[in-house]
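J.: sequence first, then the predicted structure:
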Amino acid sequence: MANENTFRSIPVVVWGTGNVGRASIRAVAAHPQLTLSSVIVHDPAKVGRDAGDLADLGRPLGINATDDIDAALATLSGSGAVAYAASGELRPDDAVADIARALALGAVVVTPSVYALYDHRSAPAEMRAPIEEACATGESALFVSGIDPGWGNDLLPALVSGLASEIDQVRCQEIFDYSTYDAEDSVRYIVGMGQPMDYAPPMVAEGVPSMVWGGQIRLIARALGVELDEVRETSQRRPLDAAVTTALGDFEAGTQGALRFEVQGIVDGEPKIVAEHVTRISADCAVDWPMPPDGGDGAHRVIIEGRPRIEINVEATDEGGNRSAGGNATAANRLVNAIPWLRNADPGMYDGLEVPLLPSTYLSNKEA
């Protein structure tokens, strides 16, 4: 694929219009090297709606959403790219099949939807095989990065580690008030907010955190040149002291109000690389747990414990000042902005350490 799209616009299909899909449409529309060619939706109510409307862009894009996957992929003419934003957490096999379909047709694919492929080297062989075959068939490339966001759990800590002379621990934190997260079913039934304290949230079921974030722990270990003894999990939950009402509805006193968990990369018996999530439905719950530095709704933080001690806090806002939307947007932008690089890359699978974070071209593309 070398130099295939250096001087012409790359057509892009955005597949899915949820939190990541909306941000992906906006990213494609802003990028001077990309052109939105189609948008795939599942909800019949979205079919026929303009992509700019679905993405809260404030202007029409002249591309109407469709549920005809064949027709949408045909707009790429055997090349281009797919930003696959359809959920894969409850349908990983279907997501892999969709991704392989696009790859085999010659499109590069960027996606956050298949957790096991964040570190493709450690992915199960039965998952890698159809992707590798599709990449070979279509002479195409795949980049999978996280939504929490991926760059905060792989590329950023790897880069920041280069500013230290001694490192005792690398800690990546996501600290968020989920009352602002536009995904009620996930907040209530996957994370467990508002559920009785004897409810078992699927997000922290044994093995799930390691399946989702373990790949990013392994990526950091590879970047630092260390061997992991194992990957461990820890979790804690706290109840609400009083009932709260949010944009997602009512959450009763005594039900789960906060969840904290860690995925730990163990080196020489100690947790040296840690991905930590601190999630609340109200800022008044678990106030002794880490908080965003300004007391806001959310932040991503990288802490290098060592000499010197380094702490970086990233706070992004989008869609009316929402920090959850801002985090989703940075994750989507990391993926979409990688498309021109992937179109010029050799066929195959790439991870967050292999795909460079290139300087933005958006500023020069601003209208006067």
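T.: Ah, there it is. Numbers count the residues shown, from 1 in each chain.

J.: for Ala141, list the residues it contacts.
T.: Residues in contact with Ala141, defined by C-beta atoms under 8 Å, 6 or more residues apart in numbering, are 1, 108-109, 135, 342-343, 345-350. Where you see a C-beta, it was placed from the backbone N, CA and C, and this is true even at glycine.

J.: tell me the pLDDT at the residue nearest the centre of the chain?
T.: By C-alpha atoms, centre = their mean, the chain has its centre lying nearest to Ile147, at 1.4 Å. Reading off the confidence values, Ile147 has pLDDT 81.

J.: from memory Leu103 sits against Ala136, does it?
T.: No - here Leu103 lies out of contact with Ala136, judged by C-beta atoms under 8 Å, at a distance of 9.2 Å.

J.: pull up the overlap in contacts between these two.
T.: Taking C-beta under 8 Å, 6+ apart as the contact rule, Leu103 and Ala136 touch no residue in common.

J.: neighbour count winner among those two?
T.: Leu103 (27 against 13; other C-beta atoms under 10 Å).

J.: quick check: pLDDT value at that one.
T.: Among the per-residue scores, Leu103 shows a pLDDT of 98.

J.: also Ala247?
T.: Model confidence at Ala247, expressed as pLDDT, equals 89.

J.: now swap in the one 10 residues further on and tell me
T.: Confidence at Gly257, expressed as pLDDT, is 98.

J.: same check, this time on Gly150
T.: Among the per-residue scores, Gly150 shows a pLDDT of 88.

J.: hang on, it packs against Val355?
T.: No - with contact defined as C-beta under 8 Å, Gly150 does not count as touching Val355 (10.3 Å).

J.: does Ser324 lie in a helix or a strand, and which?
T.: Assigned by DSSP states H and E, Ser324 belongs to helix 323-336.

J.: revised request: answer the last question for Gly48.
T.: Here Gly48 is covered by no helix or strand, with elements defined by DSSP H and E.

J.: in this structure it contacts Asn64, no?
T.: Yes - contact between Gly48 and Asn64 holds when scored by C-beta under 8 Å: they sit 5.2 Å apart.

J.: and the two? Which one has more around it.
T.: Asn64 (17 against 11).

J.: show me the contacts for that one.
T.: Neighbour list for Asn64: 39, 47-51 [criterion: C-beta under 8 Å, 6+ apart].

J.: ok, the residues you listed vs Leu248, which is closest?
T.: Distance to Leu248 across those (C-beta to C-beta) is lowest for Arg49, with 24.0 Å.

J.: pull the longest helix from this structure.
T.: Here the longest helix in the chain is taken by residue count, with DSSP state H as the criterion, and it is helix 208-224.

J.: and that one, what's its mean pLDDT?
T.: Here the mean pLDDT over helix 208-224 is 95, rounded to a whole number.

J.: hmm, back to that, of the contacts of Ala141, grab the buried ones for ChimeraX.
T.: The buried subset of the contacts of Ala141, as determined by 16 or more other C-beta atoms under 10 Å, is captured in ChimeraX by this line:
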select :1,108,109,135,342,343,345,347,348,349,350
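
J.: now, the contacts of Ala141 that are in helices?
T.: In this view, these that belong to helices under DSSP H are 135, 342-343.

J.: let's have those residues in a markdown table, adding distance to Tyr115 and pLDDT.
T.: Shown next, in a markdown table, are the ones in helices among the contacts of Ala141 (distance: C-beta to C-beta, whole Å; pLDDT from 0 to 100):
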| residue | distance to Tyr115 | pLDDT |
| --- | --- | --- |
| Cys135 | 19 | 98 |
| Leu342 | 20 | 98 |
| Arg343 | 25 | 97 |
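
J.: ok, those residues vs Ser165, which is closest?
T.: Leu342 (34.6 Å).

J.: isn't that closest one up against Val355?
T.: Yes - the pair Leu342 and Val355 qualifies as a contact (C-beta under 8 Å) at a distance of 7.2 Å.

J.: which residues are in contact with both of those two?
T.: Counting by C-beta under 8 Å, 6+ apart, the residues touching both Leu342 and Val355 are Phe143.

J.: ok, Arg171 - contacts?
T.: By C-beta under 8 Å, 6+ apart, the contact list for Arg171 reads 274, 276, 301-303, 305.

J.: report the buried members of those residues.
T.: If you count burial by 16+ other C-beta under 10 Å, the buried members of the contacts of Arg171 come out as 274, 276, 301-303, 305.

J.: avg pLDDT for the helix holding Ser324?
T.: In the prediction, helix 323-336 has an average pLDDT of 93.

J.: would you put the C-alpha positions of that helix in PDB?
T.: Output in PDB follows, covering the C-alpha atoms of helix 323-336 (Å, rounded to 0.1, in the frame of the first residue of the first chain):
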ATOM      1  CA  ARG A 323     -15.900  15.300  29.600                       C
ATOM      2  CA  SER A 324     -17.100  11.800  28.800                       C
ATOM      3  CA  ALA A 325     -17.700  12.900  25.300                       C
ATOM      4  CA  GLY A 326     -14.300  14.600  25.300                       C
ATOM      5  CA  GLY A 327     -12.600  11.400  26.200                       C
ATOM      6  CA  ASN A 328     -14.500   9.500  23.600                       C
ATOM      7  CA  ALA A 329     -13.500  12.200  21.000                       C
ATOM      8  CA  THR A 330      -9.800  11.900  21.800                       C
ATOM      9  CA  ALA A 331     -10.000   8.100  21.400                       C
ATOM     10  CA  ALA A 332     -11.900   8.400  18.100                       C
ATOM     11  CA  ASN A 333      -9.500  11.100  16.800                       C
ATOM     12  CA  ARG A 334      -6.400   9.000  17.600                       C
ATOM     13  CA  LEU A 335      -7.900   6.300  15.400                       C
ATOM     14  CA  VAL A 336      -9.200   8.400  12.500                       C
END
